[in-house]
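A.B. asks: this is a predicted model, with the sequence first.
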Amino acid sequence: MTGEGTAADPDSPVGEATTETYTASVIGGTGFTGGELLRILAGHPSFEVVQATSRSADNMTVGRSHPNLRGLDLRFSSPEELEPVDVLFSATPHGVSMERIDEYVETADTVVDLSADFRLPEAALYDEWYDGHSAPEYLERAEYALPEINRENLPGADLIAGGGCNATATILGLKPLVDAGVLGPETGEVVVDVKVGSSEGGAGGGAASSHPERSGVVRPYAPTGHRHEAEIEAYLGLSVSFTVHAVDMVRGASATCHVFPEEPVSKGDLWGAYRGAYADEPFMRIVSGSGGVYRYPEPKSVAGTNHGEVGFELDPGNRRVVVFSAIDNMTKGSAGQAVHAANVALGLPETAGLEFDGLHPVGSP
C-alpha cells in the first residue's frame, strides 16, 4: 500500500474520501470479466493496476483484447510470473483459483476470486454441486462478496469470493422478504425464472453463445439443478425451484421470482420490507410499478453499472407475490461486486470507482 489517508467511517455504507493507493493485479485479464475489472480499476481513485495476466495474449497490449481500454498503458504478462501486490483479482474459470490459492495468498494481502471456487461455505456442497474441492481448508476463511448480505464480515477480509450472477440477482430480489419474515425454510414456496445474456458464457462461450445461434432465442439451458441454487440456499436459507434461460441480449440478468407465502401479505408490507432492506444501500433501487416505459426492473436500465434494481407486484388475491430483479451480470453480478467488496474490506468508500451511470438509449445491454 502506498500513500497516506484516513480510513472510511465504518458506520457509513458510503464512507469518506481517502488518499491511500493499493496496487492491484487481474489474473485472467483477456476474458469479459477480466476486461470489466480492468475498466473499473483503471478509473478507481485508490487502485493502481500493475499487472494483468494472460497466457494467450502474453506481452500484447490490453487494448488489443479490450478496445475500450486502448488508452490503458498496460501489457499482459504470463500468469506464471505474478508480481507482489496489495490486491489480486482472479477472473479465471472454475477450478483454477483453488489450485493456485497458496500462491495467490503469498502474492497479495487480499485475494478476490470471481470464480465459483470459494463462494460456497462447505466442502460437502462442492461434492454435491461441483466436482469436489482441492483446497477446502480455505472455505471457512473466504467471505462472500455481496455487501448487501455480508457487509459486516467483509472489513479486513483477506479472501473474498464473488457471487454468481444468477444467484446475485435472485438473492437481491428475495432478501427483503427473508429479512421481513415473509420467507424462510418453512414459510412458502418460491419459483425463480432467470433470463441471462450471452456474456455470462465468457469470451470462450462456444457455439451456444455465438451471435447467429443466440439471436432471437429464449432458450432454457438449466431447467433444473443449476449450481447457483446452492448459493441461494446457503445465504438465504431458502429452497427454490430454479430455471435459467439464455436470451438475446449481451449483458444482463433478470430474475422473476414467484413467491407463495403461507400467510397473506399486503402491498404496504412489501414496501416496508424493500425500503427497510435497501433504503440506505448505495447501489440498490426499488422500481415497482412506476410510470413510463420502464415500470419494473430491466437489465437494460442498469447495463454497464453496479446498480441493482428490484420491484414487486402483488396478485389481487394476496396469494402470490411476483418479485423482479435486474443486474448487469458482468458488473453487479461479477466485477463491480468484486470491487465493491474490496472497497469494504480495505476500508475505502464503498462507491469508490463505481459511481458511473449507464447509457440511455442503448441497444442490446
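C.D. replies: Received, thanks. Just so it is clear, the structure is predicted and the values come from calculations on it, not from any experiment.
A.B. asks: can you give me the pLDDT of the residue lying closest to Pro299 once chain neighbours are set aside?
C.D. replies: Nearest residue to Pro299 in three dimensions, chain neighbours excluded: Gly252, at 2.5 Å (C-beta to C-beta, 6 or more residues apart in numbering). All C-beta spots, glycine's among them, are computed from the backbone N, C-alpha and C. For Gly252, the pLDDT comes out at 93.
A.B. asks: Gly252 - how many residues pack around it?
C.D. replies: Neighbourhood size, Gly252 [other C-beta atoms under 10 Å]: 31.
A.B. asks: convert the C-alpha atoms of the longest helix along the chain to PDB, please.
C.D. replies: Longest helix of the chain, by residue count under DSSP state H: helix 165-179. Coordinates of each C-alpha in helix 165-179 appear next as PDB, following Å, rounded to 0.1, in the frame of the first residue of the first chain:
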ATOM      1  CA  CYS A 165     -24.600 -13.500 -11.300                       C
ATOM      2  CA  ASN A 166     -27.800 -15.600 -11.400                       C
ATOM      3  CA  ALA A 167     -27.600 -16.100  -7.700                       C
ATOM      4  CA  THR A 168     -26.900 -12.400  -7.100                       C
ATOM      5  CA  ALA A 169     -30.000 -11.300  -9.000                       C
ATOM      6  CA  THR A 170     -32.100 -13.800  -7.100                       C
ATOM      7  CA  ILE A 171     -30.700 -13.100  -3.700                       C
ATOM      8  CA  LEU A 172     -31.100  -9.400  -4.100                       C
ATOM      9  CA  GLY A 173     -34.800  -9.900  -5.100                       C
ATOM     10  CA  LEU A 174     -35.700 -12.200  -2.200                       C
ATOM     11  CA  LYS A 175     -33.500 -10.900   0.600                       C
ATOM     12  CA  PRO A 176     -36.000  -8.300   1.800                       C
ATOM     13  CA  LEU A 177     -38.800 -10.900   2.100                       C
ATOM     14  CA  VAL A 178     -36.400 -13.200   4.200                       C
ATOM     15  CA  ASP A 179     -35.400 -10.300   6.400                       C
END
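A.B. asks: grab the nearest non-local neighbour of Gly164.
C.D. replies: His228 (4.5 Å).
A.B. asks: neighbours of Asp127, how many?
C.D. replies: Residues lying near Asp127 (other C-beta under 10 Å) number 12.
A.B. asks: so that it lines up with my notes, have the first residue be 150 from now on.
C.D. replies: From this message on, residue numbering opens at 150, which makes the last subject Asp276.
A.B. asks: give me the element it is part of.
C.D. replies: Using DSSP states H and E, Asp276 maps to helix 272-278.
A.B. asks: so what does that helix touch, helix or strand wise?
C.D. replies: Packing partners of helix 272-278 (3 or more C-beta pairs under 8 Å, 6 or more residues apart in numbering; DSSP states H and E): helix 377-385.
A.B. asks: tell me which strands the helix or strand that the helix it packs on is followed by pairs with, and in which orientation.
C.D. replies: Next along the chain after helix 377-385, taking DSSP H and E as the criterion, comes strand 390-396. Strand 390-396 sits in its sheet next to strand 337-345 (parallel), strand 367-371 (antiparallel), going by DSSP bridges.
A.B. asks: residues contacting the last one, please?
C.D. replies: Contacting residues not belonging to strand 367-371 are listed as 344, 357, 391-397 [C-beta atoms under 8 Å, 6 or more residues apart in numbering].
A.B. asks: now do that strand, average pLDDT.
C.D. replies: 88.
A.B. asks: in it, what counts as buried?
C.D. replies: By neighbour count with 16 or more other C-beta atoms under 10 Å, strand 367-371 contains the buried residues Ala371.
A.B. asks: how about Arg204: what's its closest non-neighbour residue?
C.D. replies: In space, Arg204 is closest to Pro228, 6.2 Å off (C-beta to C-beta, 6+ apart).
A.B. asks: how about that neighbour, secondary structure?
C.D. replies: coil (DSSP: H, G, I helix; E, B strand; the rest coil).
A.B. asks: next one: the one 3 residues further on
C.D. replies: The three-state assignment at Leu231 reads coil, by three-state DSSP.
A.B. asks: so what's the residue lying closest to Asn302 once chain neighbours are set aside up against?
C.D. replies: In space, not counting the residues next to it along the chain, Asn302 is nearest to Glu292; the distance is 5.1 Å by C-beta to C-beta, 6+ apart. For Glu292, the contacting residues are 299, 302-303, 306, 308-310, 490, 494, by C-beta under 8 Å, 6+ apart.
A.B. asks: what domains does the record give for this structure?
C.D. replies: 171-312+481-495, 315-478 (automatic domain parsing).
A.B. asks: can you verify Tyr423 is assigned to a helix?
C.D. replies: Yes. Under three-state DSSP, Tyr423 sits within a helix.
A.B. asks: okay but it is in contact with Val470, surely?
C.D. replies: No. Proximity of Tyr423 to Val470 does not meet the contact threshold set by C-beta atoms under 8 Å, at 11.0 Å.
A.B. asks: tell me, what's touching those two both at once?
C.D. replies: Common neighbours of Tyr423 and Val470, counting by C-beta under 8 Å, 6+ apart, are Phe461.
A.B. asks: returning to that earlier point: please report how far the residue nearest to Asn302 lies from Glu504.
C.D. replies: Per C-beta to C-beta, to the nearest Å, Glu292 is found 24 Å from Glu504.
A.B. asks: how about Phe238, secondary structure?
C.D. replies: From three-state DSSP, the assignment for Phe238 is strand.
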